[in-house]
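> can't give you the sequence, but here's the structure:
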């Protein structure tokens, strides 16, 4: 079976023109607002603080610049693809048309992770801003239900909060806050503390957004437009009002010395920060998933993709500069760093207004993430790589309601339990991988189909596309090892799903291999699981546990031996299954 079979670009264009199951109601303003709605949110309202405190210091500004440059290269490639192949599915559909089905599955499986984890990350940040805003109104949300499972919180009195420059009430107990409390002569053990077990606000916002997406895309787009206008106004207000509180001393040293840990300050910290905040540029990628619901996708998609990226890159740089100028970077490791900066700048009631804008802004990001994820699910099911029930459209609302509901339930579960930094890193590596494949795919398309002329063509493609792929790969390498491990585990699961189901049900391939039975197929999947599991176990053992349990050459021998044993056993299972298929096929009567 050919794993590199491709969809014909002309067939995709004809399908895009004839398939009217989804409403074509989005214009260029809707698409640009969709992009801004996704881009302006997490990067400004959440990741600015965590990356500054944990990775780059004030040089988080430089991290945003580097991520923005890499995004421009990818955005040009996305724009040409979206103009040429205006179908739902984003990079998944583009990969199907240029690199083949297996690569399309890889990127589609990656996009599922990217958008889902993106929504999880933003929902966690949304929860932090909601709790802070409610505290301003005198409403105290139970700390046990206000953050990721295992998060430690401390109740600050009015006097102690003034000493550490925070609002009184429950705050996340970071290492920096613990140090400040002790330095001010307070006994940390004497303060009321709590450990969160469930992030209820994050679950509630996922439920609301999922309901909105099921009701209809036009209604969702209109709500998003209103939210985007409000949050842009709030961001400009913050920049103007907080500028007076900026202290240039907070920017020194601009790149703090490395602490001995690879990702913690220094140039490696700046690059790791760029890899993490790259997640914040996911918005223009999400715009491309709306191609099948755009009125004039060939013209409007490039406007939405490139326009939203340029507007947001400027805002990111300005906001990160002001936030790190107002608050020392060591103190920004909180879910709501811009709310903290607004409080520290003494903005009073305006601080509460900024928090409200952040809440609305993050809501629009969640909406776009869940929208993009459900459309990728829908496109993969349309092509037979996922079960057909995923492809069903609601008879009244004409939306892929099953994918929206399934996505919402999964995202809500993990948003209730995960901390924001882990989710953000995992989404970044998925985004970067998508950019690599799209950058390579546009070159493949130009080589294989020079006769195709999109209404928008990326300039200097032999420079832009390789730089897009290289910059994204470089940022991927800069991400923590634990993020790579989780990505590998996710793809290991994906390989089992593809070879166990998608390969056999693809609309481009045969439904049945001659002589194959359910038992032989199950044996093939078992062999694949054994190979993938053995390879994954070897990688984990070699790079994470070998030095701890069996250092020296014997550790390497154990790892290599385990890999050979697992691969051999898996191949034997597959060989036995294929031999069974061959014998059974040869015994069947020739039709």
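Here it is on my side, so go on. Nothing here was measured: the structure is a model prediction, and the numbers come from that model.

> ok, residue 235 to residue 40 distance?
To residue 40, residue 235 is 7 Å away according to Cβ to Cβ, to the nearest Å. All C-beta spots, glycine's among them, are computed from the backbone N, C-alpha and C.

> go on, residue 581?
Distance of residue 581 to residue 40, given as Cβ to Cβ: 54 Å.

> same check, this time on residue 388
37 Å.

> pass me the low-pLDDT residue ranges in the stretch 101-250 of the chain, would you?
Low-confidence segments of the stretch 101-250 of the chain (pLDDT under 70): 216-221, 224.

> so where do the strands sit in it?
Ranges of strands in the stretch 101-250 of the chain, per DSSP state E, counting those that start in this stretch, are 152-156, 169-172, 193-195.

> check contacts around residue 194.
Neighbouring residues of residue 194 by Cβ atoms under 8 Å, 6 or more residues apart in numbering: 143, 144, 152, 153, 155, 170.

> these into a markdown table, with extra columns for neighbour count and distance to residue 92?
Shown next, in a markdown table, are these (neighbours: other Cβ atoms under 10 Å; distance: Cβ to Cβ, whole Å):
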| residue | neighbour count | distance to residue 92 |
| --- | --- | --- |
| 143 | 23 | 41 |
| 144 | 16 | 40 |
| 152 | 15 | 40 |
| 153 | 20 | 40 |
| 155 | 17 | 47 |
| 170 | 24 | 42 |
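
> any idea of the pLDDT on residue 591?
The per-residue pLDDT reported for residue 591 equals 54.

> coming back round to it: between residue 235 and residue 40, which is the more surrounded one?
Here residue 235 and residue 40 are set side by side on neighbour count (other Cβ atoms under 10 Å), and the busier one is residue 40, at 26 against 21.

> that one against residue 230, yeah?
No. Counting by Cβ atoms under 8 Å, residue 40 does not reach residue 230; the two are 11.1 Å apart.

> tell me which of the strands of the stretch 101-250 of the chain lies nearest to residue 355.
Shortest distance between residue 355 and these, using Cβ to Cβ, is found for strand 169-172: 13.7 Å.

> what are the pairing partners of the closest one, and which direction each?
When sheet partners are counted by DSSP bridges, strand 169-172 sits next to strand 152-156 (antiparallel).

> show me how far the strand it pairs with is from its chain's centre.
A distance of 30 Å separates the centroid of the chain from that of strand 152-156, by Cα atoms, centre = their mean, to the nearest Å.

> for stretch 79-98, measure first residue to last.
Distance across stretch 79-98, first residue to last, is 15 Å (Cα to Cα, to the nearest Å).

> and that stretch, what's its mean pLDDT?
Stretch 79-98 shows a mean pLDDT of 73.

> and if you look at stretch 466-474?
Confidence over stretch 466-474 (mean pLDDT, whole number) is 87.

> need the residues that contact it.
Around stretch 466-474, the neighbours that count as contacts under Cβ under 8 Å, 6+ apart are 66, 69-70, 73-74, 76-77, 271, 278, 432-433, 435-436, 438-440, 443.

> may I see the buried residues of the host helix or strand of residue 73?
When elements are assigned from DSSP states H and E, residue 73 belongs to helix 60-84. If you call a residue buried by 16 or more other Cβ atoms under 10 Å, then helix 60-84 has these buried ones: 60-68, 70-84.

> please apply the same query to stretch 299-316.
300-309, 311-313, 315-316.

> nearest to residue 252 among the residues you listed?
Relative to residue 252, and with distances defined as Cβ to Cβ, the nearest of these is residue 316, at 21.4 Å.

> quick one: the closest one and residue 451, what's the gap?
39 Å.

> can you check residue 380 too?
Using Cβ to Cβ, we find residue 380 at a distance of 28 Å from residue 451.
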